[in-house]
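Chemist: Any chance you could fold what I've pasted below:
(2 chains)
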2 protein chains.
Amino acid sequence: MDVWRINLRERSLKREPAPESWGRLGGRGLSARILLDEVPPTCEPLGPHNRLILAPGLLVGHMLTSCDRLSFGGKSPLTRGIKEANAGGSTGLHMTNLGMKALIIEDQLPTSGDARSGWWVLHLSLAGARFEPADDIAGLGVHEAASRLLKRHGEKVAIALIGPAGEMLLSAAGIQNLDKDRVPSRIAARGGLGAVMGSKRLKAIVFDDAGGKKPAIADREKFKQAQKLFTKNTLDHPQTKAFQDYGTPAMVRMCDALGGLPTRNFSSGRFEGAETISGEQMRDLLLKRGGESETTHACMAGCVIQCSNTYGGEDGKAIVSPLEYETIGLLGSNLGIADLDTIARLNWEVSDLGLDTIDMGAALGVAAEAGLMKFGDGDRALELLREIRKGTPLGRILGHGAAMAGRVFGVLRVPVVKGQAMSAYEPRAIKGTGTTYATSPQGADHTAGNTVRAKVDHLDAKANIATSRGAQINMAGFDTLGACIFAGFGFMVNPEVIPDLLSARYGWQVGSDILQVLGKETILLEREFNRRAGFTAADDRIPEYMRTEPLPPHNSVFDASAEELDSVFNWS
Amino acid sequence: MDVWRINLRERSLKREPAPESWGRLGGRGLSARILLDEVPPTCEPLGPHNRLILAPGLLVGHMLTSCDRLSFGGKSPLTRGIKEANAGGSTGLHMTNLGMKALIIEDQLPTSGDARSGWWVLHLSLAGARFEPADDIAGLGVHEAASRLLKRHGEKVAIALIGPAGEMLLSAAGIQNLDKDRVPSRIAARGGLGAVMGSKRLKAIVFDDAGGKKPAIADREKFKQAQKLFTKNTLDHPQTKAFQDYGTPAMVRMCDALGGLPTRNFSSGRFEGAETISGEQMRDLLLKRGGESETTHACMAGCVIQCSNTYGGEDGKAIVSPLEYETIGLLGSNLGIADLDTIARLNWEVSDLGLDTIDMGAALGVAAEAGLMKFGDGDRALELLREIRKGTPLGRILGHGAAMAGRVFGVLRVPVVKGQAMSAYEPRAIKGTGTTYATSPQGADHTAGNTVRAKVDHLDAKANIATSRGAQINMAGFDTLGACIFAGFGFMVNPEVIPDLLSARYGWQVGSDILQVLGKETILLEREFNRRAGFTAADDRIPEYMRTEPLPPHNSVFDASAEELDSVFNWS
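Modeler: All right, here's what the predicted structure looks like:
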């Protein structure tokens, strides 16, 4: 497994062995290590000194269930700190089949001075790298662009690509990836890495793994046994069934019950329309509608959980895939919209633009507070999203996310930390996740350590400090393995599975605490990058209004103290 | 001399003696002390915890030439750090006549939910404070609003007021003050304190000093002697004559000759149209035109330098007063505009909106680079400024200044430090001023320590570290005294004048190094506020492109090292 290094200015590819210190890392941890070693932390995120990193997790490549996730990394134009965003789909698998431990993209292709020209596709295969002009697909949404690329390069390739938002360098732009069925639906959404890719003038990276092979396994028998146990544990876990049936939208009812469902720009934690946008309602609807609707769907080959879905309209035709809980929370309840069809249409528009649904939902909530739309008005929300496609000043503001919308429109109730929008877990009601939002080097991000399922009083800030710490360490570990959070269902049953898989795959001696070891190392690397970028404890805070304005229905504020927040990473 | 403390929520006024530790400070130093003592450094600048401070300098109140400047302070919505912006005019004098050592405005008046209603005038006199509805002048530019307030309150009052930009909470909004002739032309421009005032729902503060008197003087005879010497020294200084004749626009030729005149969004330091926008050209023009034109004009009563001017059009009617060098540089050469009439009209529009001409000129330069206008197109520039008045999304973006315009439009060549635009001194050609831009706690600001007149090789970064240090200390001292930078001409001839004035005025024992003592104390207070707000050495840097892209005509980059910049405040 080599590091592939593309220099865009030179249009060169080097394949080189990973340095010693990178060897035991993958995914998020490897991305952090590379960024700390190679990218000046104070650099301009959209300038030539930033690098775009693609690093498959350590377990990627063998179709272990829920373990083929790929980390994208770079300095974030949204948070101005370190950024990792990962996604399922097929890209990671193609990379490992090609023998890539990581792909590092350096410098920039020249701008043409015209937004619609000077775009390129980077094509990677065993034959090496080549650059193909992409002006014919510049400006296209990810669905049409992916479809044309698949026609050109054959149905078997993997593609990572950006939409119009990434081309426009908007800070909420992500990088879309094909799922196993060739739909560009697996987005490394958060923190604006799509804009970093856009700043390098790459519309897409095509991976053709023809002739490639799975990475070598040191101890095949041991690996097979561990894989078998892991798959069984995962399948047997009671949560797996729930996620097969309802997917992440199962969280709508749960968060609403906890008073933590963001509603009308995070002004309430309970939504009167929660039931009509619940996972249960959605399942019933999709089963009734049939057609292209799917209540269960795998994003990665080999996944046995298959938490994804395809949301079909009344005519049975797919509107969007997938429709996730966080999107329902941010583009639904947070906008006062209680209609799944409307939410699905908003979701498609955001995804096709190549934007993060979380930051866009939060931005529209802020826009509503600024008087640009009425809560509940889905048509107006759609109109606002179309401003982004048109590239108008209003569209650009929104496409930079909630923090920018708040700054420009003078709105103070802006649910962000380090410039990045909170997800569909209200920090005043689910304080462990709130603690993660505050302290994660990634900015507000539920995937950095969500505590909603922990057996803890979610309203007790003090009790949730350790919960957030543990969740953040585990998630940084999972992200380094390339494991989906739902792989945790299987992993947690038998703690030896992870060390067994790693030692069988790589021949390493690893302890039973390897998940935590990887997680802690990753977080320390990220915090060091941010420290050098100029971050301090002052950045590890929840917005002022959430510390003073009580949230219905519990009328709670976010009350973890500065000292408690600053203790989150004191794990020695 | 008392501290007057207004609580807007309670609509209360308290007059109280200054705490011991505030006693020896005034102006910028006092503002910094109050902010550090009373405002949480991490607070939301436009929220209820920020305070607006007005603090006359220590020497204000006796019509000492060039020494009646008033400091406005608060946490900046532009830099998110400490902010002081000072202005001449009549407000400071009225405050000291009323016996105010400082005015502290706490909390906020309630918003009405409608941008044009719920506005207030705060009226201060010896009778105390009263609040008057101001909805009839909400939305008006500062000229019309001031004119109506003068009709209502009589011609003798002083007024500090905001324009539409402050009402809209735009980050480049300043606070306008009447000059001695009742023209709202003396703006505390930088860092968005107009937005802070707007967030408190104050359209204007009216000071009526009827019945007031000059502050007591401990030793009248000594004061008189020192004042006499100071006035003579100032009048005799050769620079004074130049500033009487040409005012600050004398700098156009000088900066162009140094290759440091910002041209077309800071892409060159020399402008082919420099001569047509020079101070010499302007003087000839204004003398020819006559009418309301004035080539020399005092902003404060008692000033003998009178560097200001009134720019009249072809018909002799005033277009704007004053037209300063920094405005000519930013709204002229920086936009490729070589016509003084056009620049004057842009200046009036910006001033009437209550905006900072420096950040607006820089924002328009960035807009031009983004393709929103052609360099040289004054009509389009005027159109863009009118977008601000209309409050469109584009107008709001621009009204937040250059940093915001750069972020929204994805432009990387943005001449800002700590989010605040550089003034008309190119840091790659005048590296001492560049060092000040980088390191001043105020963000890029030539008034924090301009080195353009120092006898030093301006292209030698290393040689300019100490120059910037000295200039920053002196200027922080001047700003604490309430002294105009041009008072320095008089002060520098005889170093005993400042200690004599202070000891005569207050009865203090002060050493001959009192200017430096005050300056250092002020800078340390400001840096401590910023440190607590989360600033680090990473914030004390010039933008990346200025460190890599050579500037014509010298083809120089800004090359002070990190270590050199970090040594600026090592003065022990």
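
Chemist: any idea which element the residue of chain A positioned farthest from its centre lies in?
Modeler: Farthest-out residue of chain A from its mean C-alpha position, per Cα atoms, centre = their mean: A:Glu221, at 33.5 Å. For A:Glu221, the host element (DSSP states H and E) is helix A:220-236.

Chemist: okay, that helix in CSV with CA atoms only?
Modeler: Output of helix A:220-236 as CSV, limited to C-alpha atoms (Å, rounded to 0.1, in the frame of the first residue of the first chain):
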residue,chain,number,x,y,z
ARG,A,220,-6.4,-15.1,6.5
GLU,A,221,-7.9,-17.6,8.8
LYS,A,222,-7.8,-15.3,11.8
PHE,A,223,-9.3,-12.5,9.7
LYS,A,224,-12.1,-14.8,8.4
GLN,A,225,-13.0,-15.9,12.0
ALA,A,226,-13.0,-12.4,13.3
GLN,A,227,-15.1,-11.2,10.3
LYS,A,228,-17.6,-13.9,10.8
LEU,A,229,-18.0,-13.1,14.5
PHE,A,230,-18.3,-9.4,13.8
THR,A,231,-20.9,-10.0,11.1
LYS,A,232,-22.9,-12.2,13.4
ASN,A,233,-22.7,-9.8,16.3
THR,A,234,-23.8,-7.0,14.1
LEU,A,235,-26.8,-9.0,12.6
ASP,A,236,-27.8,-10.1,16.1
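
Chemist: So which elements touch the first helix or strand past it going along the chain?
Modeler: Sequence-wise, the next helix or strand downstream of helix A:220-236 (DSSP H and E) is helix A:238-246. On a contact count with 3 or more Cβ pairs under 8 Å, 6 or more residues apart in numbering or on different chains; DSSP states H and E, helix A:238-246 meets helix A:279-289, strand A:294-297, helix A:487-493. The C-beta positions use only the backbone N, C-alpha and C, and glycine is treated the same way.

Chemist: Next, the angle helix A:238-246 makes with the longest one.
Modeler: Our comparison of helix A:279-289 with helix A:238-246, counting by axes from the mean of the first three to the mean of the last three Cα atoms, to 10 degrees, yields an angle of 50 degrees.

Chemist: Can you list the buried residues in helix A:279-289?
Modeler: Of all the residues in helix A:279-289, those buried under the rule 16 or more other Cβ atoms under 10 Å in any protein chain shown are A:279, A:281-283, A:285-286, A:289.

Chemist: With stretch A:513-524 instead?
Modeler: Buried, per 16+ other Cβ under 10 Å, within stretch A:513-524: A:514-524.

Chemist: mean confidence for it?
Modeler: For stretch A:513-524, mean pLDDT is 98.

Chemist: what residues does that stretch touch?
Modeler: Residues from elsewhere that reach stretch A:513-524 (Cβ atoms under 8 Å, 6 or more residues apart in numbering or on different chains): A:25, A:28-29, A:32, A:58, A:441, A:472-481, A:491, A:498-499, A:502, A:510-511, A:569, A:571.

Chemist: same check, this time on stretch A:532-543
Modeler: A:41-42, A:75, A:80-82, A:413-418, A:427, A:434, A:437-439, A:441, A:530, A:558, A:560, A:562, A:565-566, A:568, B:41-42, B:44, B:532-539.

Chemist: Close to chain B: what parts of the stretch 451-572 of chain A are there?
Modeler: Within the stretch 451-572 of chain A, the residues that sit near chain B (Cβ under 8 Å from any Cβ of the partner chain) are A:532-539, A:541, A:543-545.

Chemist: Include secondary structure when you put those residues into JSON lines, please.
Modeler: What follows is these, written out as JSON lines (DSSP: H, G, I helix; E, B strand; the rest coil):
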{"residue": "A:Arg532", "secondary structure": "helix"}
{"residue": "A:Ala533", "secondary structure": "helix"}
{"residue": "A:Gly534", "secondary structure": "coil"}
{"residue": "A:Phe535", "secondary structure": "coil"}
{"residue": "A:Thr536", "secondary structure": "coil"}
{"residue": "A:Ala537", "secondary structure": "helix"}
{"residue": "A:Ala538", "secondary structure": "helix"}
{"residue": "A:Asp539", "secondary structure": "helix"}
{"residue": "A:Arg541", "secondary structure": "coil"}
{"residue": "A:Pro543", "secondary structure": "coil"}
{"residue": "A:Glu544", "secondary structure": "helix"}
{"residue": "A:Tyr545", "secondary structure": "helix"}
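
Chemist: from those residues, which would you call buried?
Modeler: For these, buried by 16+ other Cβ under 10 Å: A:532-536, A:538-539, A:541, A:543-545.

Chemist: how close does A:Glu167 get to chain B?
Modeler: As defined by Cβ to the nearest Cβ, to the nearest Å, A:Glu167 lies at a distance of 10 Å from chain B.

Chemist: Next: A:Ala87.
Modeler: 24 Å.

Chemist: residues near that residue, how many?
Modeler: 24 (other Cβ atoms under 10 Å in any protein chain shown).

Chemist: Now it, what are its backbone angles?
Modeler: Backbone torsions of A:Ala87, given as degrees, to the nearest 10, read phi -150, psi 150.

Chemist: who's in contact with it?
Modeler: The contact partners of A:Ala87, by Cβ under 8 Å, 6+ apart, come to A:69-70, A:72, A:175, A:177, A:186-189.

Chemist: what's the closest of those to chain B?
Modeler: Closest approach to chain B among the contacts of A:Ala87 (Cβ to the nearest Cβ): A:Ile175, at 16.9 Å.

Chemist: Test of understanding: give the bridge partners of the closest one.
Modeler: A:Ala188 (DSSP bridges).
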